[in-house]
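K.L.:
Just the structure for this:
(2 chains)
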Amino acid sequence: MSALSPTVRVQLAAVFRKEVRQTVRDRRMMFMLVVAPVLQTLVFGFAVDFTVDRVPTVVVDRDRTDVSRLHARRLLADGTLTRVEGALEPVGAEKDLDWGRAAAVVILPERFASDLAASRPAEVQVILDGTDPNRSTVAGWAAAQYFGGVAEELARGRILSAGLAPPAQLRLTPRIAYNPTLKSPPYMIPGIAAMLLLIVTTIVTAMGLTREREMGTLEQVMVTPIPKTVLLFGKIAPYVVVGFVDVMLLVAVGTWVFGVPIRGPIPVLVSGTLLYLLTTLGVGLLISTISTTQQQSFLAGFLFIMPAVLLSGVVSPIRAMPSWLAAITLLNPVRHYAEVMRSCLMRGAGFPDLAFPLAALSVIGLAVFLAAVVRFRTRLG
Amino acid sequence: MPRPRGGEEKAGGRVRRSLVRVGAMASKETLHILRDPRTLYLALVMPVLMLFLFGYGVSFDLDHVPVAVADLSRSEASRALVRTVTGSRELVSAGEAEPALADLLFRRGKATALFVVPRDYAEKVAKRERVPLQLLVDGSDVTVANQVLSKADALVRAETERLAGVALAGASPPLVAKIWTRYNPAGRSSLFMVPGLAAFILAITAVLLTALTVAGEWERGSMEQLFASPVGRLEIVLGKLAPYLVLGMLELLLVVAFGAAVFDVPVRGSLSLFLLVGFFFLVGMLGQGLLISVLTKNQLVATQAGALSSLLPSMLLSGMVFPIENMPWPLQLLSRVIPARYLVHALRGILLKGNGLRVLWPDLLAVGIFAVLIVAVATARFERRVA
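P.N.:
Okay, the predicted model is just below:
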């Protein structure tokens, strides 16, 4: 700032003051900029839970013995599957799936207990509603794990009774770092911050500037002696402040409400946010130079935001994408910012760990912002 | 007798004239849309683009997850175990690593888990004892961590079975669980996403486009000009909404046609029920957009209000991506007033399960009630605001 000439500084301050006043004066706008992101974070944090449990399950026990009842009870014991009242016969149970009353059907066959006792092979049928693949995978896994365990026990018993030595048993003992109970909010909230910041800054800048063009006020300011670049920076500065306030609010909500840790150094978060805002504001500026109406700039902003959010690893892991798409995501600023936020907050990563995403953010940010400034100047010139 | 007939004729004439005015408004609005093809283009390209993004981009099926290995045993047996665990399609080896380096690997994103084989692995296997194996998982990405856990567990189980196979000498397994997945046997995420996506796209386009167009008319002051014309308030509303209704129905068909062509999304149920549910949902969304524009009269605020009231709820609370059953009860309750929830449920039922009206009537009823209510409220507010 000290490198700037006094005139520029005064001009910058004047534009900044005017923009801040205009933004703050509009109560509804302030609500949208500050309160709405916090509300959204709260809703997101509570709504997004990938844990699958209490899958409604109909157990069709055709054996009706103590043994079959015992297995049915044990299968449901860990809470992944929850028993619901349903059909007593397999045909009716499939109807339950069709109607959505149940998402899984477990059929214990007739003579189940006597087959097990007589060492005859028994077959349990599990029918899953695959509409939600995540749920059916977990439900299927729970059933397979339970019956697999039972089968292993039975096999062991038979080997022992045949007088043979039983095989070794491998037991996996997982230890989960950073988020031991695998709660969703600590994982989602850093990503949500990236997403909300994008919505707030890009759309608001794009629409705000287009609106000024629509109303002709931008041209009015152009006749004043303020240079275009100063005008531009003065207009954008309040949104940088808003962006920072939003990030602080979101991290605070994350910490106090959802127990998101702050393990990494704060300067990493600050520099990541600054670089990210460079991009999001630059994109907003670019959009305002290509659209003539607010409707267009909104749609263009939306067209940028949707792919940027979906291909960022915030909603679904980047590793699950096809490799050509995963390569494209390297150009996505949201991906890098979400990585910086997540890694810094959760894993306590510092500058050396996050060198790549931070460098990527600076390259993307500078390129976008420069392009935007050049276009903005020529458009107004 | 002639009197009532005359009245009827007059009423008929009134309806006809009213329809003419609605038609005029609609064609004016259509001209607006056509004159600026960018809006139309965006409105029609967006669904296709989003379908691609969701279909390819939003997938939870992980393959080739990198797992670092710390094989402290370095024996024939431990190498066989490591081969089973990291030689699968699901998990791949990210190289050897010291257990102490796990933190660094996770921070740099080089591996998502560290698989530790204990020093005495070979001896314990030979002595046929219980062998604990450690898996250190990076829990910062919950979806990945969950999948790594379940896959590693299944792979270790497979290795146990392989070891047991030697002892059992080919005896048939005593108990088998046969798992059969209906509706989406391959468990593809796109089949789950496309019906949800249709609701999402409709909600956004309908609410935001109407909110913006109508708010734009207020901003420019052309709404007052319209009021000066003999066109009634309801006629303005209907005429303004009609072109967007057509656009929305086009989008709906586009999404399903594209989903069927590119992602093999089946259409197992009735197409007319599909269109009927879509129609009511769309009317409701258009009404919501109208209400927002009447209340805000400002495009910038209308956008934010539209995004807050349609975009986010229809993505978050509709069950489109995130299961409703897992939400805390206040949000579950809130999701009941989100029309997208019923549309997502109905579309999944129609497309994937082949459900008919007998199963889906509550959904149809819900979107219908929402449509009638919101259009009524919007029209009422519209009139009061002008008076």
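K.L.:
Would you map out the domains in chain B?
P.N.:
What automatic domain parsing lists as the domains of chain B is B:25-58+B:187-386, B:65-168.
K.L.:
Give me the mean pLDDT for the longest one.
P.N.:
Along domain B:25-58+B:187-386, the predicted local confidence has a mean pLDDT of 84.
K.L.:
Distance from it to the middle of the chain?
P.N.:
What separates the centre of domain B:25-58+B:187-386 from the centre of its chain is 13 Å, taken as C-alpha atoms, centre = their mean, to the nearest Å.
K.L.:
List, one by one, the residues from the stretch 251-387 of chain B near chain A.
P.N.:
Within the stretch 251-387 of chain B, the positions near chain A by C-beta under 8 Å from any C-beta of the partner chain are B:296, B:298-301, B:303-305, B:307-308, B:312, B:316-317, B:321-323, B:325-328, B:331, B:345, B:348-349, B:352-355, B:359. No exception for glycine: its C-beta is placed from N, CA and C like everyone else's.
K.L.:
and residue A:340, what is it in contact with?
P.N.:
Residues near residue A:340 by C-beta atoms under 8 Å, 6 or more residues apart in numbering or on different chains: A:268, A:269, A:272, A:276, A:354, A:357, A:358, A:361.
K.L.:
which SS state does it fall under?
P.N.:
When classified by DSSP: H, G, I helix; E, B strand; the rest coil, residue A:340 comes out as helix.
K.L.:
before we move on, what about residue B:95?
P.N.:
Here residue B:95 is recorded as strand under three-state DSSP.
K.L.:
burial count for the residue nearest to it when sequence neighbours are not counted?
P.N.:
Sequence neighbours aside, residue B:68 is the residue nearest to residue B:95 in space, at 6.1 Å (criterion: C-beta to C-beta, 6 or more residues apart in numbering or on different chains). Using other C-beta atoms under 10 Å in any protein chain shown, residue B:68 has 24 neighbouring residues.
K.L.:
now swap in residue A:240 and tell me
P.N.:
Neighbours of residue A:240 under the rule other C-beta under 10 Å: 17.
K.L.:
Hmm, it is touching residue A:277, no?
P.N.:
Yes. Shown here, residue A:240 and residue A:277 form a contact pair, counting by C-beta atoms under 8 Å, at 5.5 Å.
K.L.:
follow-up on the earlier one: list only buried entries from the residues of the stretch 251-387 of chain B next to chain A.
P.N.:
With burial judged by 16 or more other C-beta atoms under 10 Å in any protein chain shown, the buried subset of these is B:296, B:298-301, B:303-305, B:307-308, B:312, B:316-317, B:321-323, B:325-327, B:331, B:345, B:348-349, B:352-353, B:355, B:359.
K.L.:
Of the residues you listed, which belong to strands?
P.N.:
Per DSSP state E, strands hold no members of these.
K.L.:
farthest residue from the center of chain A?
P.N.:
What lies farthest from the middle of chain A is residue A:163; by C-alpha atoms, centre = their mean that is 54.7 Å.
K.L.:
near chain A at all, the longest helix along chain B?
P.N.:
The longest helix of chain B (DSSP state H) is helix B:2-35. No. Helix B:2-35 lies out of reach of chain A by C-beta under 8 Å from any C-beta, never closer than 10.3 Å.
K.L.:
So for that helix, what gets flagged as buried?
P.N.:
B:21, B:22, B:25, B:26, B:29, B:30, B:33.
K.L.:
next one: stretch A:75-87
P.N.:
A:75, A:76, A:80, A:81, A:84, A:86, A:87.
K.L.:
same thing with stretch A:181-201?
P.N.:
A:182-201.
K.L.:
Off-centre distance for that stretch?
P.N.:
Distance, centroid of stretch A:181-201 to centroid of chain: 6 Å (C-alpha atoms, centre = their mean).
K.L.:
ok, back up a step: filter the buried ones among the residues of the stretch 251-387 of chain B next to chain A down to the ones in helices?
P.N.:
Assigned to helices by DSSP H, the following of those qualify: B:296, B:299-301, B:303-305, B:312, B:316, B:331, B:345, B:348, B:359.
K.L.:
Run through chain A and note the low-pLDDT ranges.
P.N.:
Residues of chain A meeting the criterion pLDDT under 70: A:1-3, A:380-381.
K.L.:
Show me how the record splits it into domains.
P.N.:
Taken from automatic domain parsing, chain A resolves into A:6-49+A:182-380, A:55-161.
K.L.:
hang on, the earlier thing: just the buried members of the contacts of residue A:340?
P.N.:
Buried members of these, scored by 16+ other C-beta under 10 Å, are A:268, A:269, A:272, A:276, A:354, A:357, A:358, A:361.
K.L.:
Excluding sequence neighbours, find me the nearest residue to the last one.
P.N.:
Right, residue A:361. Nearest in space to residue A:361, with sequence neighbours left out and distances taken as C-beta to C-beta, 6+ apart, is residue A:275 at 4.1 Å.
K.L.:
cool, the first one as well?
P.N.:
When the adjacent residues along the chain are set aside, residue A:268 lies closest to residue A:344, with 4.7 Å between them (C-beta to C-beta, 6+ apart).
K.L.:
List the buried residues of stretch A:253-262.
P.N.:
So stretch A:253-262, judged by 16+ other C-beta under 10 Å, has buried residues A:253, A:254, A:258, A:260.
K.L.:
do the same with stretch A:16-24
P.N.:
So stretch A:16-24, judged by 16+ other C-beta under 10 Å, has buried residues A:16, A:19, A:23.
K.L.:
Export the helix or strand harbouring the second one to CSV, keeping only CA atoms.
P.N.:
Assignment of secondary structure by DSSP states H and E places residue A:19 within helix A:6-25. What follows is helix A:6-25, C-alpha atoms only, in CSV (Å, rounded to 0.1, in the frame of the first residue of the first chain):
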residue,chain,number,x,y,z
PRO,A,6,-1.1,9.5,-2.1
THR,A,7,-3.7,10.3,-4.8
VAL,A,8,-4.2,6.7,-5.6
ARG,A,9,-4.6,5.9,-1.9
VAL,A,10,-7.2,8.5,-1.4
GLN,A,11,-9.1,7.4,-4.5
LEU,A,12,-8.9,3.8,-3.5
ALA,A,13,-10.2,4.6,0.0
ALA,A,14,-13.0,6.7,-1.5
VAL,A,15,-14.2,3.9,-3.8
PHE,A,16,-13.9,1.4,-1.0
ARG,A,17,-15.9,3.5,1.4
LYS,A,18,-18.6,4.1,-1.2
GLU,A,19,-18.8,0.4,-2.0
VAL,A,20,-18.9,-0.7,1.6
ARG,A,21,-21.6,1.8,2.4
GLN,A,22,-23.7,0.7,-0.6
THR,A,23,-23.4,-2.9,0.4
VAL,A,24,-24.0,-2.5,4.1
ARG,A,25,-27.0,-0.2,3.4
